[in-house]
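# next come a sequence and a model predicted from it.
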Amino acid sequence: MDTYEWYLFFHIAGAFLLLAATGATTGAGIALGQTKRANTALMLLNIMRISELAVRSAGAIVVFVFGLLLVGEVDAYEISDAWITAAMTILIVALAVDHGFLMRRLSGSRKLAAELGDAPVSDELESRMKDPVTAIVGVALDLSFFVILWLMIAKPGA
């Protein structure tokens, strides 16, 4: 394999990590809204935390680094191309919202669930778990990663 193929391989592998984190976090979030035990909520919140902090962060770094390397390797594209700039911007904004907003909200829920132990979910924890703002932000993040995927596949304007 030549350099281009290696860069492309790792870029796509990073995209799979991003999508895997999206699936794991979304699935855990849906299950979280249905749980009745605090220890189950804590386990789901921990899955979401690991998925976001480890898998999504690693995927984003790999996608970003190897995406930049790919642009440098291929003469047909420039970083200033609208679809590349849009994808990078969406990725950076999504990560900022994810780590700056969503993870902070989930951290408070994790602390509360840990304090409850094996008890039933309290009203406060249930309120946090079913918070519509958190759910809307989560859906928006999911959609943003699919928009990035579409931009990378369709390459509009290229």
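Received it, and whenever you're ready, just let me know what you need.
# centre of the chain to the lengthiest helix in the chain, how far?
Of all the segments of type helix in the chain, defined by DSSP state H, the longest one is helix 3-32. Computed by C-alpha atoms, centre = their mean, to the nearest Å, the chain-centroid distance of helix 3-32 equals 8 Å.
# list the buried residues in it.
The neighbour-count check on helix 3-32 (16 or more other C-beta atoms under 10 Å) flags 7-8, 10-11, 14-15, 17-19, 21-22, 24-26, 28-29, 32 as buried. Heads up, the C-betas are built off the backbone N, CA and C, glycines and all.
# got a list of what Thr3 touches?
Thr3 is in contact with Glu73, counting by C-beta atoms under 8 Å, 6 or more residues apart in numbering.
# how near is it to Gly100?
35 Å (C-beta to C-beta, to the nearest Å).
# cool, and Met88?
Counting by C-beta to C-beta - Met88 and Gly100 are separated by 18 Å.
# the more surrounded of those two?
Met88 (18 against 9; other C-beta atoms under 10 Å).
# assign that one to helix, strand or coil.
helix (DSSP: H, G, I helix; E, B strand; the rest coil).
# I'd guessed it sits against Phe64; true?
Yes - counting by C-beta atoms under 8 Å, Phe64 is a contact partner of Met88 at 7.2 Å.
# all helices of this protein, in order?
Ranges of helices in the chain, per DSSP H, are 3-32, 38-50, 57-73, 82-97, 103-116, 123-129, 132-154.
# for the fifth one, buried residues please.
Applying a neighbour-count criterion of 16+ other C-beta under 10 Å, the buried positions in helix 103-116 are 103, 106, 109-110, 112-113, 116.
# quick one, it and helix 38-50 angle?
Counting by axes from the mean of the first three to the mean of the last three C-alpha atoms, to 10 degrees, helix 103-116 lies at 150 degrees to helix 38-50.
# figure out how far helix 103-116 is from the centre of its chain.
On C-alpha atoms, centre = their mean, the centre of helix 103-116 falls 19 Å from that of its chain.
# alpha carbons only: can I get that helix in PDB?
C-alpha atoms of helix 103-116 as PDB (Å, rounded to 0.1, in the frame of the first residue of the first chain):
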ATOM      1  CA  MET A 103     -20.300  15.600  29.400                       C
ATOM      2  CA  ARG A 104     -20.700  18.100  32.200                       C
ATOM      3  CA  ARG A 105     -24.400  17.400  32.400                       C
ATOM      4  CA  LEU A 106     -23.800  13.600  32.400                       C
ATOM      5  CA  SER A 107     -21.000  14.100  35.100                       C
ATOM      6  CA  GLY A 108     -23.600  15.500  37.500                       C
ATOM      7  CA  SER A 109     -25.900  12.600  36.800                       C
ATOM      8  CA  ARG A 110     -23.100  10.100  37.400                       C
ATOM      9  CA  LYS A 111     -22.300  11.600  40.700                       C
ATOM     10  CA  LEU A 112     -26.000  11.500  41.800                       C
ATOM     11  CA  ALA A 113     -26.400   7.900  40.600                       C
ATOM     12  CA  ALA A 114     -23.200   6.900  42.500                       C
ATOM     13  CA  GLU A 115     -24.500   8.400  45.700                       C
ATOM     14  CA  LEU A 116     -27.800   6.500  45.400                       C
END
